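Visitor: predicted structure and sequence below. I'll ask about it afterward.
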Amino acid sequence: MNCRRLFLFIVAVAALASCSAQPQATTLRTGAEHLMSIIGTPTESTADMVHDLRNPDVGGVAVVGNQTSIVGSTHLVDTLLAQRVNVVKIFCPEHGFRGTAAAGAHVDNSIDPRTGLPIVSLYGNNKKPTEEQLRDVSAVIFDLQDVGCRFYTYLSTLHYVMEACAENNIPLLVLDRPNPNGHYIDGPVLDTADCRSFVGMHPVPVVYGMTIGEYARMINGEHWTGKDCNLTVVPLQGYRRDSVGYGLPVPPSPNLRTTHAIALYPSLCLFEGTTCGVGRGTDWPFEWVTYGHDTLDLRQEPAPQAFSLRYLMEMQHRVPKGRFFLKNNFFDRLAGTTELRRQIEQGLSEADIRATWQPGLNHFKEIRKKYLIYED
């Protein structure tokens, strides 16, 4: 694809999108909706590049998406194809392209029956697009709904996609979406020396208060992938970070089905590193906690407005001593630190534990400021 045209298109998209980055309107519009309006009504500055996006002779477009990648009620891939964009490939994260696979389940490469496009899984052994998989790709569009928690693996998929795009000199457009837990910052900051994994790759707290577009800017700006990628974020319109309990139109994954579960998720996901269950296989995943027949039912309880240790500490007292934490150290990887497990075992109060997070949180907040698109 013509590099000069590509550069001009990215500049034009960024300029058009930035005009509505601040919440001047009451109606929320996603980055996907913005991009489609740009493609659907090209201007003098974008017409050549829109032509290139539609022209199979100059390369193809890959979409990193899943069931949340929608424009209105239509999937982004279907919308792009309707606009004659030359989509040649789909990359999908954990849970698959249509979002039906269970957490941690193997997701195979396949063909999308609706479009006939090849689907390449970015979960399991192939977490990062390879040079061969990108050979017919001249631009990548990333559109996944995040939930604002460090251990939600779409952030790791974003990291590896950015790394692959940088290595192969392919531009990346991240279509921004709202963060339903974007109204606060809380939890321990991940120790990358001891606890870096696919459920946490960066030195950020459990809840980081950024959209996925802002997070992509931070990955680039902090050089976390080594070589920076050619990144454009198409931002939201009408987004307020303090919109508590924003209702997502599509569940972001099979076990986050309700606004209440999404709000509880930052606090309850750490139970995945314990012998307790979080309701998987029931009608209320991430709305209650179980140990045998002992149940902590949170379905009618107001969701916390911060990362809460209360549920962990209560269940730790109910479980027989020495049987609460799994022996595989998965709790530490989720927490991002080995300290939290030790602090809970030692019987420290939540207030005392929180005090140990503050230096890391304060440092992160200073870093975060540099990459914000929307006002706090």
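Guide: On my side now, so go ahead.
Visitor: what sits against residue 136?
Guide: Taking Cβ atoms under 8 Å, 6 or more residues apart in numbering as the contact definition, residue 136 lies against 59, 60, 88, 89. To be clear about C-beta, it is placed using only N, CA and C from the backbone, and glycine gets the same treatment.
Visitor: let's have those residues in a markdown table, adding distance to residue 154, secondary structure and neighbour count.
Guide: Formatted as a markdown table, the contacts of residue 136 follow (distance: Cβ to Cβ, whole Å; DSSP: H, G, I helix; E, B strand; the rest coil; neighbours: other Cβ atoms under 10 Å):
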| residue | distance to residue 154 | secondary structure | neighbour count |
| --- | --- | --- | --- |
| 59 | 26 | coil | 19 |
| 60 | 23 | strand | 19 |
| 88 | 22 | strand | 16 |
| 89 | 18 | strand | 19 |
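Visitor: pick out the lowest-pLDDT one from those.
Guide: The lowest pLDDT within these belongs to residue 59, which sits at 82.
Visitor: neighbours of the nearest residue to residue 305 once chain neighbours are set aside, how many?
Guide: Ranked by Cβ to Cβ, 6 or more residues apart in numbering and with sequence neighbours excluded, the top spatial neighbour of residue 305 is residue 184, at 6.4 Å. Using other Cβ atoms under 10 Å, residue 184 is surrounded by 19 other residues.
Visitor: just checking, residue 184 is part of a helix?
Guide: No: counting by DSSP: H, G, I helix; E, B strand; the rest coil, residue 184 is located in no helix; its state is coil.
Visitor: how much space between it and residue 361?
Guide: Distance, residue 184 to residue 361, by Cβ to Cβ, to the nearest Å: 11 Å.
Visitor: residue 256 now?
Guide: 25 Å.
Visitor: same check, this time on residue 290
Guide: Taking Cβ to Cβ, one finds residue 290 at 31 Å from residue 361.
Visitor: mind listing the helices for the stretch 151-300 of the chain?
Guide: For the stretch 151-300 of the chain, the helices defined by DSSP state H, counting those that start in this stretch cover 154-167, 212-221, 259-268.
Visitor: which residues sit against the second one?
Guide: Yep, that's helix 212-221 we're talking about. With Cβ under 8 Å, 6+ apart as the contact definition, helix 212-221 has outside contacts at 31, 142, 144-146, 154-155, 158-159, 162, 172, 174-177, 179, 202, 208, 210, 224-225, 228-229, 231, 233-236, 367-368, 370-374.
Visitor: just the buried ones out of the residues you listed, please.
Guide: Neighbour counting by 16 or more other Cβ atoms under 10 Å classes 31, 142, 144-146, 154-155, 158-159, 162, 172, 174-177, 179, 202, 208, 210, 224-225, 228-229, 231, 233-236, 368, 371-374 among the contacts of helix 212-221 as buried.
Visitor: sort out for me which of the residues you listed are in strands.
Guide: Counting by DSSP state E, the part of the buried ones among the contacts of helix 212-221 found in strands is 142, 172, 174, 175, 231, 233, 234.
Visitor: from residue 212, how far off is the first one?
Guide: It refers to residue 142. Relative to residue 212, and taking Cβ to Cβ, residue 142 is found at 8 Å.
Visitor: need the contacts of residue 136 in TSV with distance to residue 325, can you?
Guide: Below are the contacts of residue 136 laid out as TSV (distance: Cβ to Cβ, whole Å):
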residue	distance to residue 325
59	50
60	47
88	46
89	41
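Visitor: so which of those comes closest to residue 196?
Guide: residue 89 (28.7 Å; Cβ to Cβ).
Visitor: right, and the closest one touches residue 121 too?
Guide: No: using Cβ atoms under 8 Å, residue 89 is not in contact with residue 121; the gap is 11.9 Å.
Visitor: low-confidence ranges in the stretch 201-350 of the chain?
Guide: Where the stretch 201-350 of the chain drops to pLDDT under 70, the residues are 243-246.
Visitor: strands along the stretch 51-200 of the chain, start to end?
Guide: Shown for the stretch 51-200 of the chain, the strands assigned by DSSP state E, counting those that start in this stretch span residues 60-65, 70-71, 74-75, 87-92, 110-111, 118-121, 137-143, 172-175, 186-189.
Visitor: redo these as TSV? Include distance to residue 249.
Guide: Converted to TSV, these look like this (distance: least, Cβ to Cβ, whole Å):
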stretch	distance to residue 249
strand 60-65	15
strand 70-71	7
strand 74-75	12
strand 87-92	19
strand 110-111	25
strand 118-121	22
strand 137-143	13
strand 172-175	15
strand 186-189	26
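Visitor: what sits against residue 222?
Guide: 202, 367.
Visitor: which residues touch residue 97?
Guide: Listed by Cβ under 8 Å, 6+ apart, the contact partners of residue 97 are 65, 66, 67, 90, 110, 112, 119.
Visitor: what's the closest of those residues to residue 76?
Guide: Nearest member of the contacts of residue 97 to residue 76, counting by Cβ to Cβ, is residue 65, at 5.7 Å.
Visitor: do I have it right that the residue nearest to residue 305 meets residue 209?
Guide: Yes: counting by Cβ under 8 Å, residue 209 is a contact partner of residue 184 at 6.0 Å.
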